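A.B. asks: Quick check, what structure comes out for this input:
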Amino acid sequence: MSDDRDQERQVDAIERQATALEAIATELRYQNAALVETVDAIDQLAARVDDHHVSETEPRNRSGAALQTAIADRLFERDDREGELMNGLDRAENWADGDGR
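C.D. replies: Residues are numbered from 1 along each chain as shown. Model prediction:
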């Protein structure tokens, strides 16, 4: 009996650890996508303030929701390029799972 309980505890601990690692991986992927979007925004800003550049359009002014959408789009683009995902939990469409969002 004691061995069975010990094995169950070990399995539970491994499952909790795997869930935690998946959450960390998702967060890192989100942060990487946000970084790419930030770099793109800085690049666009640099082009607009360059003395030799005359913009034909107004600088974009995006809301928080628009920024979140752009970040999610970047993540989906990365997923498409990678072609090889560890599992479904690391996809952007699963961010809301488990945290109530």
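A.B. asks: buried ones in stretch 63-74?
C.D. replies: Going by neighbour count (16 or more other C-beta atoms under 10 Å), the buried part of stretch 63-74 is 70-72, 74. C-beta here means a position set from N, CA and C on the backbone, and glycine is covered the same way.
A.B. asks: Same question for stretch 5-25.
C.D. replies: Judged by neighbour count using 16+ other C-beta under 10 Å, the buried positions of stretch 5-25 are Glu22.
A.B. asks: and if you look at stretch 33-40?
C.D. replies: So, applying 16+ other C-beta under 10 Å, buried residues of stretch 33-40: 33-34, 36-37.
A.B. asks: repeat for stretch 74-82
C.D. replies: Quick answer for stretch 74-82 (16+ other C-beta under 10 Å): 74-75, 79.
A.B. asks: export it as PDB, just CAs?
C.D. replies: This file holds the C-alpha atoms of stretch 74-82, laid out as PDB (Å, rounded to 0.1, in the frame of the first residue of the first chain):
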ATOM      1  CA  ARG A  74       3.800  37.300 -34.300                       C
ATOM      2  CA  LEU A  75       3.500  34.100 -32.200                       C
ATOM      3  CA  PHE A  76       1.300  32.400 -34.800                       C
ATOM      4  CA  GLU A  77       3.800  33.400 -37.500                       C
ATOM      5  CA  ARG A  78       6.600  31.800 -35.400                       C
ATOM      6  CA  ASP A  79       4.500  28.700 -34.900                       C
ATOM      7  CA  ASP A  80       4.000  28.400 -38.700                       C
ATOM      8  CA  ARG A  81       7.700  28.800 -39.400                       C
ATOM      9  CA  GLU A  82       8.800  26.300 -36.700                       C
END
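A.B. asks: Now intersect the buried residues of stretch 33-40 with the helices, please.
C.D. replies: Counting by DSSP state H, the part of the buried residues of stretch 33-40 found in helices is 33-34, 36-37.
A.B. asks: which is the next helix or strand following the helix or strand containing Asp3?
C.D. replies: Element membership for Asp3, per DSSP states H and E: helix 2-49. Scanning forward in sequence from helix 2-49 by DSSP H and E, the next helix or strand is helix 64-82.
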